[in-house]
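**Student:** sequence first, then the predicted structure, then my questions.
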Amino acid sequence: MARYRGPKQKIARRFKDPIFGHSKAVDRKNYGPGQHGKNKRAKLSNYAIQLMEKQKAKAIYGILERQFSNLFVKATKIPGVTGTVLLQLLEARLDNTVYRMGFSPTRRGARQLVLHKHFLVNGNPVNIPSYQLKPGDVIEVRERSKSLEAINNSIQSRNSRYNWLEVNKASLTGKFLHYPEREDIPENIKEQLIVELYSK
């Protein structure tokens, strides 16, 4: 399946959760999209609930099934609670970190900026959105990209702060300090359901 490029709020309505930020569409129509959205009253099975949680996580972080399942396998091999480790690996992706640092207003935009080589990691250009950052890694906007209006507007308008990241707005640089604790990750994801799904 190719990457979804359609209306984001259609996906948010499917999960009845504003996963891409505040949405008037979700507030106004708190039922699924499509002509049968209002009439869907069937009780979901445990499998369907678990599958929906996985699909929601994939939609939030903008990744496809193969990448997600590979990350889950990697998470099972790392000591700790598998669900929490999975979310930490998702948060440590370069595109997500660029978004969290405020260099882009959306994860989609952050992915595009990374693909176009606008960022350096530890002084080296990286154009792989799924690049896994490690504690201590320094992310900076390339010199030739510091005049980009999209980056400057985003960094000035966003004030979100995360204790696992350090950002210098003046120099357009940031540092990945450590992996976040579960309670620090703001996403509304029930990771235990995802672990149960993959454990079947």
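**Tutor:** Cool, got the structure. Residues are numbered from 1 along each chain as shown.
**Student:** mind checking the pLDDT average for stretch 154-163?
**Tutor:** Stretch 154-163 shows a mean pLDDT of 86.
**Student:** the protein: helices as residue ranges?
**Tutor:** With DSSP state H as the definition, the chain shows helices at residue ranges 8-15, 24-28, 46-61, 65-76, 82-91, 94-101, 107-115, 149-157, 191-198.
**Student:** now those as a markdown table including mean neighbour count?
**Tutor:** Every residue, glycine included, has its C-beta placed from N, CA and C. Shown next, in a markdown table, are those (neighbours: other CB atoms under 10 Å):
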| stretch | mean neighbour count |
| --- | --- |
| helix 8-15 | 18 |
| helix 24-28 | 12 |
| helix 46-61 | 17 |
| helix 65-76 | 15 |
| helix 82-91 | 21 |
| helix 94-101 | 25 |
| helix 107-115 | 20 |
| helix 149-157 | 15 |
| helix 191-198 | 19 |
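**Student:** closest one to Gln132 among those helices?
**Tutor:** helix 82-91 (6.8 Å; CB to CB).
**Student:** list the contacts for Glu53?
**Tutor:** Listed by CB atoms under 8 Å, 6 or more residues apart in numbering, the contact set of Glu53 reads Ile189, Lys190, Glu191, Leu193, Ile194, Leu197.
**Student:** wait, the third one touches Thr84, no?
**Tutor:** Yes: taking contacts as CB atoms under 8 Å, Glu191 lies within contact range of Thr84: 6.8 Å.
**Student:** before we move on, back to that, got the contacts of Glu53 as a markdown table, with distance to Arg66 columns?
**Tutor:** Listed next are the contacts of Glu53 as a markdown table, based on distance: CB to CB, whole Å:
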| residue | distance to Arg66 |
| --- | --- |
| Ile189 | 19 |
| Lys190 | 22 |
| Glu191 | 19 |
| Leu193 | 20 |
| Ile194 | 15 |
| Leu197 | 16 |
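**Student:** shouldn't Ser160 be in contact with Phe103?
**Tutor:** No: in this structure, Ser160 is not within contact of Phe103 by CB under 8 Å, at 11.6 Å.
**Student:** more neighbours, these two?
**Tutor:** The neighbour comparison of Ser160 against Phe103 (other CB atoms under 10 Å) goes to Phe103, with 29 against 11.
**Student:** what's the more buried one in contact with, if anything?
**Tutor:** Ala110, Leu113, Phe119, Val141, Ile151, Ser154, Ile155, Leu172, Gly174 are the contacts of Phe103 under CB under 8 Å, 6+ apart.
**Student:** if I look at the third one, how far off is Lys74?
**Tutor:** Pointing back at Phe119 there. 23 Å (CB to CB, to the nearest Å).
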